[in-house]
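Asks: Build me a model from this:
(one chain, ligands or ions: 1)
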Amino acid sequence: MTTKKPLVIVTRKLPEAIETRMMELFDARLNIDDTPMDKSALIEAVKQADVLVPTVTDRIDAAVLAHAGPNLRLIANFGNGIDHVDLQTARQRGITVTNTPDVLTEDTADMTMGLILSVSRRVGEGERLIRSGDWNGWGPTLMLGHRIWGKRLGILGMGRIGQALARRAKGFGLSVHYHNRRRVHPDIEQELDATYWESLDQMLAHVDVVSVNCPHTPATYHLLSARRLKLLQPHAILVNTARGEIVDEAALTRMLSNHEIAGAGLDVFEHEPAVNPKLIELDNAVLLPHMGSATIEGRVDMGEKVLINIKTFVDGHTPPDRVIEGLL
Ligand code: 8YV
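Replies: Predicted coordinates:
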């Protein structure tokens with residue numbers, strides 16, 4: 001007797017090696033042309049699937065989950081952040097949720113460091129100057145940015161990515177400061193040479209660079225509110241490789257255009273993929289299309305994690321990357 005393979009619906013195109021393995025292991029329904037699914041397609045998917053593999057571009061909210069069929073037992077997210085899935089409703093309906101932590105930590109920390117350097121040293125502006133054809137040659141006062149060596153970095157969220165950023169930052173001569181819900185273990189603090197600020201407000205007022213590295217949860221929505229952004233010093237820069245919703249983007253845009261802060265490096269946006277048109281006009285903002293974890297190696301590792309989570313689950317075990325609401 002052959003047992004029926006579980007129907008796994010994958011919402012976006014994944015690396016080929018992952019899709020091949022997905023088809024070997026499961027009854028996989030892939031999205032070959034990569035058109036993002038609209039709400040009605042997602043509803044159809046949750047009605048039919050045993051396992052759904054969404055990404056950050058799919059809003060799996062209570063309204064979608066209300067249509068989940070009795071077979072849907074697992075949502076195996078391709079990605080670490082899980083704010084696009086209504087975890088409470090999933091739990092109430094007995095649906096397990098997994099994600100892909102660890103494998104995108106180093107790549108995202110690299111991109112964060114890249115944004116810190118790009119904003120401070122005006123990499124985007126320099127590139128645009130060359131491409132405009134207006135560059136007339138070297139000048140002693142041309143394209144002056146700010147040195148990062150010796151400056152203070154304030155990391156908001158000292159989890160895996162925050163810590164990986166701290167290790168890099170040390171090498172660039174930045175002193176590391178952080179705010180986190182919980183103070184990290186003293187051994188980690190010592191290894192990272194990191195100073196803990198219990199008060200986020202006070203940390204913001206004392207650092208030169210702020211990096212957002214916490215997850216987006218109801219508690220962190222607009223954590224960097226208009227009031228808190230005003231605490232930053234005029235020479236400070238802000239980088240965000242976490243989630244746009246953590247920062248009040250309209251307030252940030254106003255402050256950047258009034259030069260109340262010096263610059264921002266944003267890989268994520270509050271209403272993605274929409275980007276505030278005023279932000280696009282600003283020279284002191286470096287803007288990237290949510291590519292913090294976008295390496296070939298990282299995407300394959302993420303896919304491997306998804307496969308392992310599904311396989312473990314359908315074999316009757318607890319998947320390694322089960323998301324537990326309260327621990328986010
Ligand atoms: C992923 C991300 O590319 O994993 C995350 O939380 O933000 C991105 O780096 C995306 O989530 C894939 O779903």
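
Asks: any idea how far the ligand is from the closest residue to R243 other than its chain neighbours?
Replies: Nearest residue to R243, sequence neighbours excluded (Cβ to Cβ, 6 or more residues apart in numbering): H216, at 3.6 Å. Just so you know, the C-beta spots here come from the backbone N, C-alpha and C atoms, and that holds for glycine as well. Look at H216 and the ligand: by Cβ to the nearest ligand atom, to the nearest Å, they are 9 Å apart.

Asks: Contact partners for H216?
Replies: Counting by Cβ atoms under 8 Å, 6 or more residues apart in numbering, H216 makes contact with G81, D83, A242, R243, E245, I246.

Asks: Of these - the most surrounded one?
Replies: Within the contacts of H216, neighbour counts (other Cβ atoms under 10 Å) peak at A242, which reaches 27 neighbours.

Asks: is it true that that residue touches Y221?
Replies: No. A242 is beyond contact range of Y221, at 12.0 Å (criterion: Cβ atoms under 8 Å).

Asks: Now do T3, the pLDDT please.
Replies: Looking at T3, its pLDDT stands at 76.

Asks: mind checking how far it is from R128?
Replies: Separation of T3 from R128 (Cβ to Cβ, to the nearest Å) stands at 58 Å.

Asks: swap in T57?
Replies: Going from T57 to R128 by Cβ to Cβ gives 28 Å.

Asks: phi, psi of L74?
Replies: Main-chain torsions, L74, degrees, to the nearest 10: phi -140, psi 130.

Asks: meant to ask about D102, not that
Replies: Main-chain torsions, D102, degrees, to the nearest 10: phi 70, psi -50.

Asks: Which residue ranges of the stretch 1-150 of the chain form strands?
Replies: Applying DSSP state E, counting those that start in this stretch to the stretch 1-150 of the chain gives strands spanning 7-10, 27-29, 51-53, 74-76, 96-98.

Asks: wait, which of the ones you listed is closest to the ligand?
Replies: Proximity to the ligand (Cβ to the nearest ligand atom) singles out strand 51-53 among the strands of the stretch 1-150 of the chain, at 9.8 Å.

Asks: Please list the residues outside the closest one that contact it.
Replies: The contact list for strand 51-53, computed with Cβ under 8 Å, 6+ apart, reads 6-11, 14, 26, 45-46, 60, 72-78, 306, 310, 313-314.

Asks: residues touching whatever residue of the stretch 101-250 of the chain ends up closest to the ligand, list them.
Replies: Scanning the stretch 101-250 of the chain for proximity to the ligand using Cβ to the nearest ligand atom identifies L104 as nearest, at 5.4 Å. Contacts for L104 (Cβ under 8 Å, 6+ apart) come out as G79, N80, G292, S293, G298, D301, M302.
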